[in-house]
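J.: Provided below are the primary sequence and the corresponding predicted coordinates.
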Amino acid sequence: MDLGIRGRTAIVCASSQGLGKACARALAEAGVSLVINGRDRALLDRTADEIRAATGADVTPVTADVSTAEGQAALLAACPSPDILINNNGGPPYRDFRELDRRAMLTGVTMNMVTPIELIQKVIDAMAARGFGRIVNITSISVKMPVPGLDLSSAARAGLTAFVAGVARKYADKNITINNLLPGSFDTQRLRGGFAAAAKKSGQPESALAAQAMAEIPAKRFGTPAELGQTCAFLCSVHAAYLTGQNILLDGGAYPAAF
């Protein structure tokens, strides 16, 4: 399918690896010029080279922490007026809520709620002036289904979801859409790292913990980053212009509800 976005420009946050990288790759395959982002320069450069070699796309790597004012300024200096914004960021680590102090809570809210809102503020007026804009926020299944130990991440991402619900409808008539992707368990380094930590703590093999987790998913497997990336690219396409303010679950059926 031709997504109708060839020649467009995109900023893809936290895209040196994992789900962000998959979104960047899918957009590049659709003919979009990219600004990708990460904090590890070597890893980011390798990702940029990989996407260029595979797709021929124009890829500009920007090493920065997107949660800082300086990091956001660097992204927008590289792409002052993007047609597409993919908001993505790491989340707070697993932690019992009783261990969270004020500083930890404010940091978590900054990373997963304030940062994407700030970036939306900075790009949406130019999108409206051009009559085209696609914004996708990568949040989490935990917005809809609590995950013990991810209370701070869940709360911050749920706050973002509520915040952009009204904004999405305000700008719908400008051909701007804002949607949220809610990934469940995807086969990423972050997921595997969680199994490694749990294995060290419990003494069980990582493979056994992964098999147990997959058994609890109706699809009986983890998602692949490419699956999420292609869904993200479709949300950015001309074909998704009537889809806005929505939360799209990609979880293999893990969320057990009809609505």
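T.: Great, that's in hand. Residues are numbered from 1 along each chain as shown.

J.: now the strands for the stretch 51-200 of the chain?
T.: Here the stretch 51-200 of the chain has its strands, by DSSP state E, counting those that start in this stretch, at 59-63, 84-87, 133-138, 176-183.

J.: nearest to G193, of the ones you listed?
T.: Ranking those by proximity to G193 (C-beta to C-beta) places strand 176-183 first, at 15.7 Å. (C-beta placed from N, C-alpha, C; glycine too.)

J.: what lines up beside the closest one in the sheet?
T.: Paired neighbours of strand 176-183 in the sheet (DSSP bridges): strand 133-138 (parallel), strand 247-250 (parallel).

J.: neighbours around G166, how many?
T.: 11 (other C-beta atoms under 10 Å).

J.: Determine the longest helix present in the chain.
T.: Counting by DSSP state H, the longest helix found in the chain is helix 151-170.

J.: Residues contacting that helix, please?
T.: The contact list for helix 151-170, computed with C-beta atoms under 8 Å, 6 or more residues apart in numbering, reads 91-92, 95, 97, 100, 104-105, 108-109, 111-113, 116-117, 120, 124, 135, 137, 139-140, 142-143, 146-147, 177-180, 244-245, 247.

J.: orientation of it relative to strand 176-183 in degrees?
T.: Interaxial angle, helix 151-170 versus strand 176-183 (axes from the mean of the first three to the mean of the last three C-alpha atoms, to 10 degrees): 150 degrees.

J.: Using CSV, write down the CA coordinates of helix 151-170.
T.: Provided in CSV are the C-alpha atoms of helix 151-170 (Å, rounded to 0.1, in the frame of the first residue of the first chain):
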residue,chain,number,x,y,z
ASP,A,151,2.5,2.5,38.6
LEU,A,152,4.4,5.7,37.8
SER,A,153,4.9,4.9,34.1
SER,A,154,1.2,3.9,33.9
ALA,A,155,0.0,7.1,35.5
ALA,A,156,2.2,9.5,33.5
ARG,A,157,1.2,7.8,30.2
ALA,A,158,-2.5,7.8,31.2
GLY,A,159,-2.1,11.5,31.9
LEU,A,160,-0.7,12.1,28.4
THR,A,161,-3.6,10.1,27.0
ALA,A,162,-6.2,12.2,28.7
PHE,A,163,-4.4,15.5,27.8
VAL,A,164,-4.2,14.8,24.1
ALA,A,165,-7.8,13.5,23.8
GLY,A,166,-9.1,17.1,23.7
VAL,A,167,-6.2,18.5,21.7
ALA,A,168,-6.8,15.8,19.0
ARG,A,169,-10.4,16.9,18.5
LYS,A,170,-9.5,20.6,18.4
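
J.: Check the offset of that helix from the chain's centre.
T.: 13 Å (C-alpha atoms, centre = their mean, to the nearest Å).

J.: ok so, going back, adding mean pLDDT, distance to D40 and mean neighbour count, write the strands of the stretch 51-200 of the chain out as a markdown table.
T.: Below are those laid out as a markdown table (pLDDT from 0 to 100; distance: least, C-beta to C-beta, whole Å; neighbours: other C-beta atoms under 10 Å):
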| stretch | mean pLDDT | distance to D40 | mean neighbour count |
| --- | --- | --- | --- |
| strand 59-63 | 98 | 8 | 20 |
| strand 84-87 | 98 | 19 | 28 |
| strand 133-138 | 98 | 19 | 26 |
| strand 176-183 | 98 | 21 | 24 |
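
J.: Alright, I will stop here.
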